[in-house]
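A.B. asks: What follows is a predicted protein model with its sequence.
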Amino acid sequence: DSGVTQTPKHLITATGQRVTLRCSPRSGDLSVYWYQQSLDQGLQFLIQYYNGEERAKGNILERFSAQQFPDLHSELNLSSLELGDSALYFCASSRDTNTGELFFGEGSRLTVL
Amino acid sequence: ILNVEQSPQSLHVQEGDSTNFTCSFPSSNFYALHWYRWETAKSPEALFVMTLNGDEKKKGRISATLNTKEGYSYLYIKGSQPEDSATYLCAPDTGRRALTFGSGTRLQVQP
């Protein structure tokens, strides 16, 4: 158990809809990262938050947004969903902003029909 | 965008074989090199974080070496076991941005 909690574990929805994925980082970790793993793709970095502020942006679509709340949990919002958004979304946390070891949650599997 | 290459893409070995794979990364702006192990239906777990040129880390039958000047790291598994079957990911760390993972080496160990 990494100490990182993600909900929901599975989500099935339709095209055009909007979903929110939630992540609670490990106790004491200030940085939260979101990664996407699509079919036959590696882990693609989406976005990082550190202590409530956006720290780095990767290959995140404009239809996607995220935030980190004062209690350090984070949410990834995916809107106007398309079939290609079906993927496994991982949240990871680390102690500070300069990465160090990442601790991954179990992921949220999103299926868009 | 960091260019991270891992080879081979996949590997099938017999139980008891020793094996190794490579991670190549840009040697400039180097801060650390991470290795992660990702078993099917689980989440990636850190194996090693390496920072010094010439560093060697070991965890049981798994070890890794690092060459920061030429930009590569090797991961070795001695006497592979079926439970070593996983995808092994590397990620160079510049200390200034989130980790960029390579596409990984998928290892399958046949009993």
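C.D. replies: Ah, there it is. Since we're looking at a predicted model, the values are computed, not measured.

A.B. asks: So which residues of chain B form strands?
C.D. replies: Along chain B, the segments classed as strands by DSSP state E run B:5-7, B:10-14, B:19-24, B:32-38, B:45-50, B:56-59, B:62-67, B:72-77, B:86-93, B:105-110.

A.B. asks: Dump these into CSV; add distance to chain A and mean neighbour count as well.
C.D. replies: The way it works is simple: take the backbone N, C-alpha and C, and place the C-beta from them, glycine included. Formatted as CSV, those follow (distance: least, CB to the nearest CB, whole Å; neighbours: other CB atoms under 10 Å in any protein chain shown):
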stretch, distance to chain A, mean neighbour count
strand B:5-7, 9, 16
strand B:10-14, 12, 13
strand B:19-24, 13, 19
strand B:32-38, 7, 22
strand B:45-50, 5, 19
strand B:56-59, 13, 13
strand B:62-67, 14, 18
strand B:72-77, 16, 19
strand B:86-93, 5, 24
strand B:105-110, 11, 18
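
A.B. asks: Any chance of a markdown table for those strands, columns distance to A:Ser94 and mean pLDDT?
C.D. replies: Converted to a markdown table, the strands of chain B look like this (distance: least, CB to CB, whole Å; pLDDT from 0 to 100):
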| stretch | distance to A:Ser94 | mean pLDDT |
| --- | --- | --- |
| strand B:5-7 | 22 | 95 |
| strand B:10-14 | 29 | 96 |
| strand B:19-24 | 20 | 95 |
| strand B:32-38 | 11 | 94 |
| strand B:45-50 | 10 | 93 |
| strand B:56-59 | 19 | 94 |
| strand B:62-67 | 20 | 96 |
| strand B:72-77 | 20 | 96 |
| strand B:86-93 | 11 | 93 |
| strand B:105-110 | 24 | 96 |
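
A.B. asks: got a list of what B:Lys78 touches?
C.D. replies: B:18, B:61-63 (CB atoms under 8 Å, 6 or more residues apart in numbering or on different chains).

A.B. asks: Pull out the buried residues from stretch A:80-87.
C.D. replies: By neighbour count on 16 or more other CB atoms under 10 Å in any protein chain shown, the buried set for stretch A:80-87 is A:81, A:85-87.
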